[in-house]
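[1] generate coordinates for the sequence data below:
(one chain, ligands or ions: 1)
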Amino acid sequence: MSQGMIRQIELRNDGQHYFEQQQFQRQEQGWKLIIGTSVLLLTLVAVELFWFVPTATSSSKSTFSGFVAIFGAIASVLWLVAQAVPFKVRWQSVSVALACLLGGGWALLFPLLIHQSHFLSAYAYSDLFLFLSVIAFFSYRPALYLAVVPILCSLLVTDTYFGYVDNAITFLSIGSRFIIIIVVRECLYHWFHASVWHEFEEQRLRQELASVALIDPVTGLQNDKHFELMLDREIMAARRHNSDLTVMMINIEPLRLYAMTCGHQASDYLLKRVTKGLRRGVYRPRDFIARTGSSEFALLLPDTDASGAEIVAERMQRHVHRCCDMLVKGELEQPMAVMISIVEWAPNMNVRTIRRHMRDARSQLNLDEPQKWADSVSCYDPVKYH
Ligand SMILES: Nc1nc2c(ncn2[C@@H]2O[C@H](COP(=O)(O)OP(=O)(O)OP(=O)(O)O)[C@@H](O)[C@H]2O)c(=O)[nH]1
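    Residues are numbered from 1 along each chain as shown. Modelled structure (predicted):
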């Protein structure tokens, strides 16, 4: 879960990119829907033509069979090509090709069947195909129009040519179908757009919350939870590369006394000054500082042994004093004390043992006795302690 969370934070998409991704996915579902619809409708036509229409001539049956064979073969080849090309190309050019083929195929089949067998169910099937094309291709306008316009034209041509209904009514019905297609497409598109943006915002918020949950709100440093994640990561890296790793624990007093005397606002300000001092004390980008308790900080120093860590510790003490001494002296009798314990990692240590050593090192500092507070840098030796 922890690795996943970090990866999620790193993966910051912008909204437009996320929207396009969703459109690609929607398009892929659309092809499946429209191919399934075509197969179903052709099966229905076949069943009706071969078993239920007495007027069906043998030439119309063979026209239909030949047509289905050619149509099916082209659609299958196109589908196979679609699987081989990159997703983005597939989404646009293959959608257009597939829509053109399916719409054109229906538009051609439809007048042929009516002409040869007076197969009037074709009207209902064409309307069903129109309706499902709108649902399938609404997220990509060119594909939608290439699927529906040929069928609308063939309805118009068939009716006008064969004179099934009055011309004016034909134009009116085709026009109204077209208006319905545009309106339904716009509604679906706006609904899709709104829901994708809503989802994106939700995802962004979740990422933000996850990152906030790893940061201490007062100092802006990473918190104890994040420190543990990083400690785990750095232990794995040190083990893999056979390199040094040092963990430093920094207790700063009298932070609690300062908070009790001067209030929380002043104490927050002092904490920010302490943070500034700590940040100035480290130079390497991989060094990781966290606030692990109310007056306790921890520092991870990859590729650094205990003697290197001592150099960093003394530098940190200097910077913290420079940033905070004036502030503390003005309010308290007690001088500022920066007490640092260093734990050097050894290959037999994991997060739990390091944590335990950190606790032991802390207990050696006599933090409960203010008269003993003074600047110190000590290297914790687990062997000596136990
Ligand atoms: N992790 C870490 N180690 C440091 C830092 N500064 C000093 N050290 C350690 O102290 C040793 C001696 O430090 P320096 O006297 O500055 O010499 P250096 O080798 O030029 O240090 P770098 O420029 O940090 O490589 C280094 O080899 C490190 O082990 C620091 O900011 N971060």
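[2] could you pull out the strands for the stretch 51-200 of the chain?
    Counting by DSSP state E, counting those that start in this stretch, the stretch 51-200 of the chain has no strands at all.
[3] residues contacting H264?
    Listed by CB atoms under 8 Å, 6 or more residues apart in numbering, the contact set of H264 is empty. Every residue, glycine included, has its C-beta placed from N, CA and C.
[4] go again with 10 Å.
    By CB atoms under 10 Å, 6 or more residues apart in numbering, the residues touching H264 are V218.
[5] ok, longest helix in this structure?
    helix 167-212 (DSSP state H).
[6] could I get the average pLDDT for that one?
    For helix 167-212, mean pLDDT rounds to 86.
[7] go on, stretch 225-233?
    93.
[8] any idea how far it is from the chain center?
    23 Å (CA atoms, centre = their mean, to the nearest Å).
[9] got a list of contacts for it?
    Outside stretch 225-233, the residues touching it (CB under 10 Å, 6+ apart) are 2-3, 5-6, 211, 213-216, 221-222, 245, 247, 286, 288-292, 297-300, 302, 345, 350-351, 354-355, 358.
[10] please apply the same query to stretch 68-78.
    31, 35, 38-39, 42-43, 45-46, 94, 97-98, 100-102, 104-106, 108-109.
[11] near the ligand, which residues of the stretch 251-386 of the chain?
    282-284, 287, 301, 304, 308, 311-312 (CB under 6 Å from any ligand atom).
[12] neighbours of E369, how many?
    By other CB atoms under 10 Å, the residues close to E369 number 8.
[13] next, give phi and psi for it.
    Per-residue torsions, E369: phi -110, psi 100 (degrees, to the nearest 10).
[14] cool, and P86?
    Per degrees, to the nearest 10, the backbone of P86 is at phi -60, psi 150.
[15] burial of it, as a residue count?
    As a burial measure, P86 scores 7 neighbours (other CB under 10 Å).
[16] distance of D232 from the ligand?
    Counting by CB to the nearest ligand atom, to the nearest Å, the separation of D232 from the ligand is 18 Å.
[17] next one: Q203
    Q203 is 36 Å from the ligand, by CB to the nearest ligand atom.
[18] is that residue in contact with Y18, as I believe?
    Yes. Taking contacts as CB atoms under 10 Å, Q203 lies within contact range of Y18: 7.6 Å.
[19] residues contacting A107?
    A107 touches 126, 129, 147-155, 157-158, counting by CB under 10 Å, 6+ apart.
[20] and with 7 Å instead?
    The contact partners of A107, taken as CB atoms under 7 Å, 6 or more residues apart in numbering, are 150-151, 153-154.
[21] what's the local residue count around the residue in the chain positioned nearest to the ligand?
    When scored by CB to the nearest ligand atom, the chain has G308 as its residue closest to the ligand, at 2.3 Å. G308 has 14 neighbours, counted by other CB under 10 Å.
[22] what do you get for Q25?
    13.
[23] check it and give its pLDDT.
    pLDDT, read off for Q25, is 85.
[24] work out for me the element it sits within.
    helix 15-47 (DSSP states H and E).
[25] same for that helix, what does it pack against?
    Using 3 or more CB pairs under 7 Å, 6 or more residues apart in numbering; DSSP states H and E as the contact test, the elements touching helix 15-47 are helix 58-84, helix 95-117, helix 121-137, helix 167-212.
[26] buried residues in that helix, which are they?
    18-19, 22-24, 26-28, 30-31, 34-35, 37-38, 41-42, 45 (16 or more other CB atoms under 10 Å).
[27] what's the angle between it and helix 167-212?
    140 degrees (axes from the mean of the first three to the mean of the last three CA atoms, to 10 degrees).
[28] now the helix or strand harbouring T261, how far from the centre of its chain.
    For T261, the element it lies in under DSSP H and E is helix 255-262. With CA atoms, centre = their mean as the basis, helix 255-262 stands 43 Å off its chain's centre.
[29] could you do stretch 86-103 as well?
    26 Å.
[30] equivalent analysis for stretch 14-33, please.
    For stretch 14-33, the distance to the chain centre is 14 Å (CA atoms, centre = their mean).
[31] cool, stretch 184-192 as well?
    For stretch 184-192, the distance to the chain centre is 24 Å (CA atoms, centre = their mean).
[32] begin at 248 from now on, thanks
    Renumbered: residue one is now 248, and that last one reads stretch 431-439.
[33] can I get the CA coordinates of that stretch in PDB?
    Extracted in PDB, the C-alpha atoms of stretch 431-439 (Å, rounded to 0.1, in the frame of the first residue of the first chain):
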ATOM      1  CA  VAL A 431     -28.600  12.600 -28.000                       C
ATOM      2  CA  ARG A 432     -24.900  12.800 -28.900                       C
ATOM      3  CA  GLU A 433     -24.500  16.300 -27.300                       C
ATOM      4  CA  CYS A 434     -26.300  15.100 -24.100                       C
ATOM      5  CA  LEU A 435     -24.200  12.000 -23.900                       C
ATOM      6  CA  TYR A 436     -21.000  13.900 -24.500                       C
ATOM      7  CA  HIS A 437     -21.700  16.500 -21.900                       C
ATOM      8  CA  TRP A 438     -22.700  13.900 -19.300                       C
ATOM      9  CA  PHE A 439     -19.400  11.900 -20.200                       C
END
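[34] how about that stretch: buried residues?
    432, 436, 439.
[35] can you check stretch 608-628 too?
    So stretch 608-628, judged by 16+ other CB under 10 Å, has buried residues 608-609, 612, 614, 620, 622-624, 626-627.
[36] do stretch 449-464 as well
    454, 461-463.
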